[in-house]
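**Student:** Sequence plus the predicted model coming up.
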Amino acid sequence: MTKVLIVAEHDGSALNPSTAKCVSCAAAIDGAEIDIVVLAAATADIAAQAAEIDSVSRVLTIERAENEKSITAVLAPQIAAIAGDYSHILGPSTTFGKDLMPHVAALLGVNQVSDIMTVENSHTFKRPVYAGNAIVTVEAPEGSTVVATVRVASWQAANGGNSAAIAAVDAPAELPTHTRYIGLESAASDRPDLQTAARVVAGGRALGSEEQFGLIYQLADALGAGVGASRAAVDAGFCPNELQVGQTGKIIAPDLYIAIGISGAIQHVTGIKDAGTIVAINKDEEAPIFEVADIGMVGDLFQILPELIAAVK
Amino acid sequence: MDKIIVGLKRVVDYNVRVQVKSDGSGVETDGVKMSINPFDEIALEEALRIKESGAATEVVAVSIGTSESQQQLRTGLAMGADRAILVTVDGDIDPLSIARVFKALADKENAGLVMLGKQAIDGDNSQVAQMLSAIWGRPQATFASGVTIEGDSARVVREVDAGLETVEVDLPAVLSVDLRLNEPRYVKLPDIMKAKKKPLDEVPLADLGIEPGPPIKELKYAAPEGRQRGVTVDDVAGLVAALKDKGLV
Ligand SMILES: Cc1cc2nc3c(=O)[nH]c(=O)nc-3n(C[C@H](O)[C@H](O)[C@H](O)COP(=O)(O)OP(=O)(O)OC[C@H]3O[C@@H](n4cnc5c(N)ncnc54)[C@H](O)[C@@H]3O)c2cc1C
């Protein structure tokens, strides 16, 4: 019997789209019965959103004041406490899931499969290694729980329209107090979220300053796009860290990705391999970004961008 | 705090464009440059800075691998680690077993901190720190881009999808570090000479009482589906036309 438990990601009130992507991955396992567990201080709203996702049988809620912020050492023992009923436990390969799922796996005494791209069968999966320069087919041992993260850029969100049953469950576990949440510094923005945006405009080191990086925001706004950046642009302080795209930033799959003044290092390109169309603007015609670009334009971004912004407005 | 344990993994250098072997058994490593995993180097740098600030007395570099990993440990000693331990294994071992090694050493050394990279750039798993936290029963703070030791606790800034999260953890704890935490120091020639005299102990895995668990088996490696170079446009009008063509604007 294949029973999959998905750990819901949320911000305390809204369900993150990564959860519906995990459902798509779970649904690719033959005959899977899929439950979602919501751990929060107030679960009702989040559970209602989870119950709408197609293919979900039940939404389980674990409501405790300690679950207000996602602290792995607090959440993991509760998930482990209800794991016994399941053959698979999945979470997203976002920083939330990457932090949590290996801890859950270790509590259950098993190894974890990271970043599932495709499901071959219930225990066999494909995943990227070496910054996506190789794809390895892996097999989790039969007879023990499969704990895994799902590479969200590889999966479409499952549809809505369902109304799965919602049930509160008991997850008896002693919770540690050795880890305390202090706060979150987040550059609030009305732009589409980088991880789910259909279009992304990204800038690199060539933008030269925080001020000039404003050109990237202008083009993004003209296109209704999210904003991304190379590591060099983040390191130089042109924009906040949560905009970094790549091996050690976000792995994204927008319909359109426009890379501006980005050279195309393997660590960057691995973050955009699944994009629909890649556009590159770079003054160096030898830049490796052109090897992966569907549309390339050689030239000075400071000349091209104002013209492009005016043209798409 | 007395000691900080730092993990140093030997990996294919980040500048190498790895090639999948034609028989699908792995990637080509013959004659390929090997280095310390870049995240681990940052972990070591941070441990050294904590020691230099007076908040710790000793930095112990640990690698798990074949005798070839001595090379990376010597580099770590040259950077400033006080001593090194190589836990010897025949081939690859699974992340959970690696976490058990760090647990055994943390207990034995009475470590106040275990500092690891947030992922190794070969397997890209990002698991060991979190697993160690689970089996050690101590706090984890992953993806750290800022670390401040405050007596018996540490304040850690974490790079998360939503921005920068700050947590406070009691010590001992395990940290996994991100790239923006610091810039590792360069090793100078006299340090390399000095490092040759620093202790590097080899301990077989079995001596720690660890039996590697059932791994996630690797069945086959393949090259990723490549992307093709597309068209080149000459001006903004051409670019906008190409985007319109694809229905993207
Ligand atoms: C372990 C590790 C992990 C990493 N993870 C990531 C990651 O997640 N994401 C990431 O992005 N990087 C990552 N990197 C860094 C990566 O290797 C590159 O250093 C980085 O991507 C370079 O950023 P860039 O393309 O903006 O800068 P550069 O490589 O400096 O490229 C700038 C480009 O701008 C062009 N240019 C300059 N002026 C102009 C102009 N006026 N008009 C048009 N074009 C211009 C240049 O021709 C050049 O191609 C990682 C590195 C390591 C070692």
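**Tutor:** That came through fine. Note that the structure is predicted; figures quoted are calculated from it, not measured.
**Student:** In the lowest-mean-pLDDT helix or strand in chain B, which residues are buried?
**Tutor:** Ranking every helix and strand in chain B by mean pLDDT, DSSP states H and E puts helix B:189-195 at the bottom, with a mean of 93. For helix B:189-195, the buried set under the neighbour-count rule, 16 or more other C-beta atoms under 10 Å in any protein chain shown, comprises B:Ala195. Backbone N, C-alpha and C define where each C-beta goes, glycine included.
**Student:** any idea which helix or strand comes after it?
**Tutor:** strand B:200-204 (DSSP states H and E).
**Student:** Could you list the paired strands of that following strand along with their orientation?
**Tutor:** Within its sheet, strand B:200-204 is paired with strand B:83-88 (parallel), according to DSSP bridges.
**Student:** what separates the strand it pairs with from the chain centre, distance-wise?
**Tutor:** 15 Å (C-alpha atoms, centre = their mean, to the nearest Å).
**Student:** what residue ranges in chain B score low on pLDDT?
**Tutor:** Within chain B, not a single segment meets pLDDT under 70.
**Student:** Ok, chain A next?
**Tutor:** Ranges of chain A meeting pLDDT under 70: none found.
**Student:** what's the domain layout of it?
**Tutor:** Domains of chain A are assigned by automatic domain parsing as A:3-168, A:199-312.
**Student:** roughly how far out does the first one sit from the chain middle?
**Tutor:** Right, the one you point to is domain A:3-168. On C-alpha atoms, centre = their mean, the centre of domain A:3-168 falls 12 Å from the chain's centre.
**Student:** start to end distance for it?
**Tutor:** 18 Å (C-alpha to C-alpha, to the nearest Å).
**Student:** cool, the last one as well?
**Tutor:** When the termini of domain A:199-312 are compared using C-alpha to C-alpha, they are 13 Å apart.
**Student:** Spatially central residue for the chain, please.
**Tutor:** The chain I'm using is chain A. By C-alpha atoms, centre = their mean, the mean C-alpha position of chain A lies nearest to A:Thr94, the distance being 4.0 Å.
**Student:** if I pick it, what's in contact with it?
**Tutor:** By C-beta atoms under 8 Å, 6 or more residues apart in numbering or on different chains, the contact set of A:Thr94 is A:9, A:16, A:18, A:152, A:195, B:161.
**Student:** Could you list which of those residues belong to helices?
**Tutor:** Residues of the contacts of A:Thr94 located in helices (DSSP state H): A:Ser18.
**Student:** before we move on, the earlier item: which stretch among the domains of chain A approaches the ligand most closely?
**Tutor:** Distance to the ligand, taken as C-beta to the nearest ligand atom, is lowest for domain A:199-312 among those, at 2.3 Å.
**Student:** does that closest one come close to chain B?
**Tutor:** Yes. Under the criterion of C-beta under 8 Å from any C-beta of the partner chain, chain B is reached by domain A:199-312 at A:199, A:223, A:231, A:234-235, A:240-242, A:247-248, A:250, A:255-256, A:266-267, A:273, A:277-279, A:290-298, A:304, A:307-308, A:311-312.
**Student:** Backbone dihedrals for B:Asp13, both of them.
**Tutor:** phi -60, psi 140 (degrees, to the nearest 10).
**Student:** Report how many residues lie close to it.
**Tutor:** Residues near B:Asp13, counting by other C-beta atoms under 10 Å in any protein chain shown, number 14.
**Student:** Also A:Gly237?
**Tutor:** For A:Gly237, the count of nearby residues is 11 (other C-beta under 10 Å).
**Student:** Name the strands paired with the lengthiest strand in chain B and say parallel or antiparallel.
**Tutor:** Under DSSP state E, the strand in chain B containing the largest number of residues is strand B:140-150. According to DSSP bridges, strand B:140-150 forms sheet pairs with strand B:153-160 (antiparallel), strand B:173-177 (parallel).
**Student:** what's the closest of those strands to A:Ser55?
**Tutor:** strand B:153-160 (28.3 Å; C-beta to C-beta).
**Student:** Having no further points to raise, I will conclude here.
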